[in-house]
Every structure is written in structure tokens, then in C-alpha cells.
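[1] Prediction below, plus the sequence it came from.
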Amino acid sequence: METFFDSNDDGIGDFQGLIQKLPYLKQLGIDCLWLLPFYPSPNRDDGYDIADFTAVDPRLGTLDDFRQFLMAAKQLGIYVLIDLVVNHTSDQHPWFKSACSDRNSPYREYYIWSDYIPQGQHKTIFPGEEDNTWTWSEQTGQYYHHRFYREQPDLNIYNPKVKEEVRKIIKFWLDEGVSGFRVDAVHILIQFARPDHVNGQDHEAILDDMRRWLDECNSSAVMLAEANDDIDKLPRYFGNSDRMHLMFDFITNQHLFLALARNTAQPLREAIDILLKVPIPAGCGYVNFIRKHDELNLGKLKEDERNEVFEAFAPEEYMRIYGRGIRRRLAPMLNNDRARMEMVYSIMFCLPGTSMIRYGDELGMGEDLQLKGRESIRTVMQWSSGNNAGFSKASAEALPYPAIDKGTFSYKNINVAEQLREESFLQWMTSAIQCRQQLGATTIDKFKMLESGNESVIVFRYDEGSKRFILVHNLNDMPASYALTEDIGAVMCFFGPGILGNNRELQLGRYGYAWLKNI
Ligand code: GLC
Ligand code: CA
């Protein structure tokens with residue numbers, strides 16, 4: 001939000017700015033928006049440290065602006081998901097301030113305290129930036145627990161009073177009219193703070209509760225989990241269609257990057273094969289993405305695999321973060337190679353599940369590695385070649401992060417105004433999304449992966465009623481071909497540079513792809 005568009009020239013993106021840009025998003029083909037936290041926050045962790053769960057950060061607007069935004073989005077047929085961050089609060093949240101002021105505070109048990117640093121503690125999420133998960137509170141003489149920064153004390157989610165607060169937050173925003181939540185850090189939310197902190201409670205019951213309550217408030221609302229967990233643990237987030245509706249697919253994402261590093265389809269094919277074995281209950285599914293607002297997390301790859309991806313896409317140490325990730329956007333990782341960028345997004349659009357892109361991806365925006373940590377990829381949206389990339393008329397110092405103004409990825413080269421005119425990545429993305437809509441709901445029950453006979457080429461098939469789609473991608477920088485042997489009648493290529501010959505042989509250039517359908 002704060003980096004999208006500034007409507008009142010104070011340097012900060014805001015709800016009114018977002019309202020002005022909704023037609024742009026609609027034109028691009030977006031039908032659902034996920035808003036990052038917009039709540040009052042000291043901004044230690046880009047708004048993920050929340051000081052008031054049911055208000056709008058005054059820097060971004062008012063609750064009234066939020067309502068106007070929601071109405072405008074609805075009119076355009078755009079759903080809105082917002083972030084539900086209940087693993088922790090900000091240390092500036094009144095609950096935590098009260099809990100710190102007195103051991104008898106009614107809010108004391110909202111958080112997790114200990115007289116000593118317990119054995120067997122979890123690892124911190126931000127190694128190098130935050131090295132402890134227990135921090136001493138001078139005022140009350142105990143340690144409190146936090147998986148993220150010390151300014152983000154963990155809530156004791158097992159406390160019935162905290163559960164009640166979570167319900168209030170859910171109800172508040174559903175009553176305002178949002179379509180659901182992206183639920184933050186769910187894999188961490190349902191861990192216990194420490195081995196001896198068990199309370200005889202069932203971890204997943206937290207998710208059952210949340211879902212029951214969500215359904216009670218609005219049975220068409222959805223929850224999208226951020227649960228970067230091992231494959232064998234994924235089923236617990238879906239439950240029997242009675243927990244999270246959707247989950248980001250971190251596994252495919254990381255293996256796609258491994259495949260890119262190796263210029264072969266193999267790691268991607270293996271990941272999809274494994275994932276297909278995880279049962280997905282009816283009404284549930286994955287959300288696919290290439291990059292998000294965080295680092296490219298490679299934590300689920302083996303160490304040598306991770307190193308391969310590092311070598312290929314973050315050769316310098318300063319491009320990496322937390323020992324597990326890359327703090328770069330896609331376009332610079334791929335040296336702005338248009339054919340390869342198209343191929344990567346094309347794969348994402350063809351994966352089973354929902355497709356998600358992040359602002360600026362549609363332009364092929366870059367990063368600013370001089371900014372610290374994850375800020376590198378959080379620079380302002382590049383609207384034009386005007387001042388501050390057309391994001392704001394304020395002075396550059398007033399911006400949350402400066403606009404990228406040097407090199408290939410400078411806003412002078414890469415911006416919406418320019419790309420609306422020419423044969424641009426933005427035009428490509430718009431067509432890709434239109435064609436994606438033809439594929440319909442790419443649910444897993446309609447999906448099959450076919451043998452390609454070539455280790456660089458990956459082939460998906462979807463069957464729905466009498467419709468057949470065959471989606472072919474070449475992950476190598478050498479041309480490849482694929483002989484269509486599937487018995488699906490006459491076909492045509494409706495998207496991609498691949499060329500289908502009379503002999504049903506598909507010719508793919510370097511990083512070529514083709515979306516075929518029966519006619
Ligand atoms: C999620 C967010 C990340 C944030 C963390 C703590 O992982 O994506 O940006 O730092 O949760 O809330
Ligand atoms: Ca503003």
C-alpha cells in the first residue's frame with residue numbers, strides 16, 4: 001500500500017491512491033487483491049508489527065477511505081483479502097504495554113513469559129538481524145517469547161481470551177466487507193513456544209476454531225495460509241476442508257528456481273509429482289507465485305540445491321539473506337531476459353491452483369540492493385518517467401524507499417506509461433492473464449503431468465468437460481521440440497511463441513512455451 005500510489009503528495013502510498021489505480025489493475029486482469037498490513041504500526045517489520053488490529057494506519061488513510069476502496073473494488077468485481085497477523089503484536093500494542101507494566105496485568109497471559117531462557121528453543125526467523133527468541137523485559141523481570149523481531153512479542157494463541165480477540169478481529173473486517181484473509185505465518189502460529197509449553201492442547205484446533213468462526217461470520221469468506229512447511233505436514237493446514245481454504249505453494253516455487261538454475265525441468269517435475277500425492281480436500285487448493293514481498297525463501301531445498309540457486313541467481317553474498325533466501329526480484333535475477341521471464345510466469349499461470357503476481361512484476365521491475373534486508377524489493381511502483389517514478393509528487397526524501405533511478409531497471413526505462421505504449425512485458429502479462437482466464441479453474445482433479453521425452457520440457461494437461469488444454473514449457477536456453485501424441489483431436493496454439501507443425505510436432509525456441517487447446 002505505502003509503495004503503490006500516493007494521492008496527497010506526502011510521499012506515502014495510500015488508500016485513495018489505490019482507488020485511483022484500481023482501473024489499471026482491472027485492465028491488467030486482476031480479480032482479487034491481497035493487501036499487506038495497513039494497520040497502525042511502528043513499522044519495524046514493514047507493518048507486520050501491528051499496534052491496533054481494527055484500525056487503519058493514518059499514514060495510509062482512514063477507515064472511511066478503506067470503505068471507499070472496498071466499494072470501488074467491488075464495483076469492478078475485484079475481491080479483497082487482507083492480512084491476518086495474529087502470531088504476534090507490536091511491542092507498542094496496548095496489550096503488550098500493559099503486560100509489561102505489571103505482572104498482574106489482565107493482559108499478561110496474552111503473551112508468553114519465562115523466568116529463564118528454556119532449553120530447546122526454536123530458531124529465530126531473522127538470523128543475523130535478530131539472534132534471540134527470548135528477550136528480557138526489564139520492567140517485570142521475565143523473558144518474553146518472539147519468533148520474529150523482539151519488537152514482535154508472540155501472542156499466546158492458546159489462551160481463550162486471545163482466541164476471543166482473534167475472533168473479534170476476524171468479525172470486524174468481515175463485517176466491513178472483505179472477502180477473507182491471508183493468514184500470516186500459520187506454521188509458526190501453531191507451534192508451541194517451547195517444548196514444555198503444551199497445555200495438553202491440540203495444535204490444529206486453533207485452525208479448526210478460526211475456520212468455524214470464519215464460516216459463522218461469512219460462509220463465503222476464505223483463508224489463505226502462509227505455511228512454509230514440509231510436504232508431509234501440508235495436509236494438516238487443509239484438514240477435511242475445515243481449516244484453510246488455500247495455501248501458498250512454497251514447494252513448487254523453490255523447485256522451479258532450482259529447475260531454472262539447472263536449465264532443466266526435472267526438479268520441477270519431481271516437486272509436482274510429490275505434491276500431487278498430498279491429498280487436497282474439496283474446495284481447497286494452492287496459490288502459485290514467483291516472488292512475494294519477502295525474500296525468495298529456499299529453505300525447503302537441500303543445502304547443495306540451495307547453493308546451486310544462489311550461484312545462479314545471487315552470486316554475491318549481499319544478494320542473499322538469512323542464509324536461506326535471495327533478496328531480489330525476478331527480472332534482475334534473469335538478467336532481464338524477456339523470453340525467460342515470460343516462460344517463468346507462463347509456467348506459474350499453468351500450475352494447478354490460483355495464480356498470484358506482485359505489484360511491479362507485470363513490468364519486470366528490479367530491486368535496489370543498496371537498501372537493507374528485504375527493503376531491496378519493496379521500492380515504489382514505477383508509473384512513469386516523471387519524478388519519483390510518478391509514484392508521488394513529494395520530495396524524494398519523503399518516500400518510504402527511493403525510486404530505482406539507475407541502470408536497466410530505472411523507472412526511466414521501466415514504467416507503466418512506457419509499457420502501455422509498446423510491445424512490453426506489461427502487454428504480455430495482460431494477454432497472459434486473459435489466456436489464463438480461458439483455462440478456467442485449474443484445479444488439481446483436472447490436472448495431469450505428461451511425459452515429454454525431453455528433460456528440458458515440462459508438459460501439463462487439463463481436462464474439463466470436452467475441453468482439453470496442453471501446456472508445454474521449455475526450461476532450457478536451447479530450442480526443443482515436443483511431439484503431441486495425446487489423442488485429443490485437432491488442436492490450436494492460443495498463447496506463446498511455440499509453433500505447431502502439421503505433423504503435430506511443437507517447435508519451441510529457447511525458453512519457448514505454447515498453450516494448446518482442442519478445437
Ligand atoms: C510473514 C510475512 C513477513 C513478516 C512475517 C512476520 O512471513 O510475509 O513479511 O516478516 O510474517 O509477521
Ligand atoms: Ca499519501
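    That came through, no problem. Numbers count the residues shown, from 1 in each chain. Ligands and ions are numbered 1, 2, ... in the order given.

[2] Apart from its neighbours in sequence, what residue is nearest the residue of the stretch 351-500 of the chain found nearest ligand 2?
    Across the stretch 351-500 of the chain, the shortest distance to ligand 2 (Cβ to the ion) belongs to Ser392, at 7.1 Å. C-betas here are computed from N, CA, C, even on glycine. Distances taken as Cβ to Cβ, 6 or more residues apart in numbering put Asp6 closest to Ser392, at 3.5 Å, once the chain neighbours are dropped.

[3] would you say that neighbour is within a helix?
    No - counting by DSSP: H, G, I helix; E, B strand; the rest coil, Asp6 is not found in a helix; it is coil.

[4] Might one say that it is in contact with Gln20?
    No - assessed by Cβ atoms under 8 Å, Asp6 is found out of contact with Gln20, at 10.0 Å.

[5] Gln419: neighbouring residues, count only.
    Residues within reach of Gln419, counting by other Cβ atoms under 10 Å, total 20.

[6] ok, now Ile157?
    24.

[7] again, but for Asp232
    By the measure other Cβ under 10 Å, the count of residues near Asp232 is 10.

[8] Am I right that it sits in a helix?
    Yes - Asp232: assigned to a helix according to three-state DSSP.

[9] If I look at Asn502, what pLDDT would I see?
    For Asn502, the pLDDT comes out at 87.

[10] Please settle this for me: is it part of a strand?
    No - counting by three-state DSSP, Asn502 falls outside a strand, being coil.

[11] just to revisit the earlier point, list the contacts of the residue nearest to Ser392.
    Neighbouring residues of Asp6 by Cβ atoms under 8 Å, 6 or more residues apart in numbering: 12-14, 17, 391-394.

[12] quick one, helices of the stretch 151-300 of the chain?
    160-176, 186-189, 205-217, 235-238, 250-262, 266-276 (DSSP state H, counting those that start in this stretch).

[13] And those: which comes nearest ligand 1?
    helix 186-189 (8.0 Å; Cβ to the nearest ligand atom).

[14] what's in contact with the closest one?
    86-87, 125, 147, 157, 183, 206-207, 225-229, 233, 237, 244.

[15] Count the neighbours of Asp445 for me.
    Asp445: 12 neighbours (other Cβ under 10 Å).

[16] again with Leu35
    Count around Leu35 with other Cβ under 10 Å applied: 19.

[17] Quick one: residues contacting it.
    Leu35 neighbours (Cβ under 8 Å, 6+ apart): 1, 80-83.

[18] Spell out which parts of the stretch 51-200 of the chain neighbour ligand 1.
    For the stretch 51-200 of the chain, the residues in contact with ligand 1 (Cβ under 6 Å from any ligand atom) are 85, 148, 184-185.

[19] nearest to ligand 2, of those residues?
    Among those, and counting by Cβ to the ion, the member closest to ligand 2 is Val85, at 22.5 Å.

[20] Where does the prediction get shaky in the chain?
    193-201 (pLDDT under 70).

[21] How is it divided into domains?
    94-145, 249-438, 448-518 (automatic domain parsing).

[22] picking up where we left off before, just give me the closest of the contacts of Leu35 to Glu451.
    Closest approach to Glu451 among those (Cβ to Cβ): Leu81, at 37.2 Å.

[23] which residues touch stretch 487-506?
    By Cβ under 8 Å, 6+ apart, stretch 487-506 touches 339, 346, 431-432, 435, 438, 468, 470, 472, 481-485, 507-509, 512-519.

[24] Distance of Arg358 relative to Lys292?
    6 Å (Cβ to Cβ, to the nearest Å).

[25] sorry, that was for Asn87
    17 Å.

[26] okay, those two: which has more neighbours?
    Asn87 (22 against 19).

[27] Contacts only, for the more buried one.
    147-148, 154-155, 157, 184-185, 188-189.

[28] at 7 Å what do you get?
    For Asn87, the contact set (Cβ atoms under 7 Å, 6 or more residues apart in numbering) comprises 154-155, 184-185, 188-189.

[29] Same question for Thr62.
    By Cβ under 7 Å, 6+ apart, the contact set of Thr62 is Val56.

[30] now the one 5 residues further on
    If a contact means Cβ under 7 Å, 6+ apart, then Arg67 has Glu176 as its contacts.

[31] quick one: the residue of the stretch 1-150 of the chain found nearest ligand 1 and ligand 2, what's the gap?
    Residue nearest to ligand 1 within the stretch 1-150 of the chain (Cβ to the nearest ligand atom): Tyr48, separated by 3.4 Å. Distance of Tyr48 to ligand 2, computed by Cβ to the ion, to the nearest Å: 20 Å.

[32] hang on, that residue packs against Tyr39?
    No - checked against Cβ atoms under 7 Å, the pair Tyr48 and Tyr39 is beyond contact range at 9.7 Å.

[33] Strands of the stretch 51-200 of the chain, residue ranges please.
    Per DSSP state E, counting those that start in this stretch, the stretch 51-200 of the chain carries strands over the ranges 79-84, 113-114, 134-137, 142-145, 180-183.

[34] Can you name every helix or strand that the longest one contacts?
    Using 3 or more Cβ pairs under 7 Å, 6 or more residues apart in numbering; DSSP states H and E as the contact definition, the elements that strand 79-84 packs against are strand 32-35, helix 160-176, strand 180-183.

[35] now the angle from it to helix 205-217?
    140 degrees (axes from the mean of the first three to the mean of the last three Cα atoms, to 10 degrees).

[36] Any chance of the helices of the stretch 151-300 of the chain in CSV with distance to Pro400 and mean neighbour count as columns?
    Shown next, in CSV, are these (distance: least, Cβ to Cβ, whole Å; neighbours: other Cβ atoms under 10 Å):
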stretch, distance to Pro400, mean neighbour count
helix 160-176, 24, 16
helix 186-189, 26, 22
helix 205-217, 31, 17
helix 235-238, 32, 20
helix 250-262, 26, 23
helix 266-276, 35, 18
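
[37] So Glu308 sits against Asn263, correct?
    No - counting by Cβ under 7 Å, Glu308 stays clear of Asn263, with 11.0 Å between them.

[38] For the stretch 351-500 of the chain, which residue gets nearest to ligand 1?
    Arg374 (7.1 Å).

[39] For Arg510, give its distance to Glu295.
    Arg510 is 28 Å from Glu295, by Cβ to Cβ.

[40] which of those two has more neighbours?
    Taking neighbours as other Cβ under 10 Å, Arg510 and Glu295 compare with Glu295 leading, 21 against 18.

[41] residue boundaries of the helices in the stretch 301-450 of the chain?
    Using DSSP H, counting those that start in this stretch, the helices found in the stretch 301-450 of the chain span residues 303-313, 330-333, 338-350, 416-421, 425-439.

[42] for the residue most central in space within the chain, what are its contacts?
    Ranked by distance to the mean C-alpha position of the chain (Cα atoms, centre = their mean), the top residue is Lys292 at 4.2 Å. Applying Cβ under 7 Å, 6+ apart, we find Lys292 in contact with Arg358.

[43] try 8 Å this time
    By Cβ under 8 Å, 6+ apart, the contact list for Lys292 reads 248, 358.

[44] Same check on the one 3 residues further on?
    Under the criterion of Cβ under 8 Å, 6+ apart, the contact list for Glu295 reads 321-322, 324-327, 374, 377.
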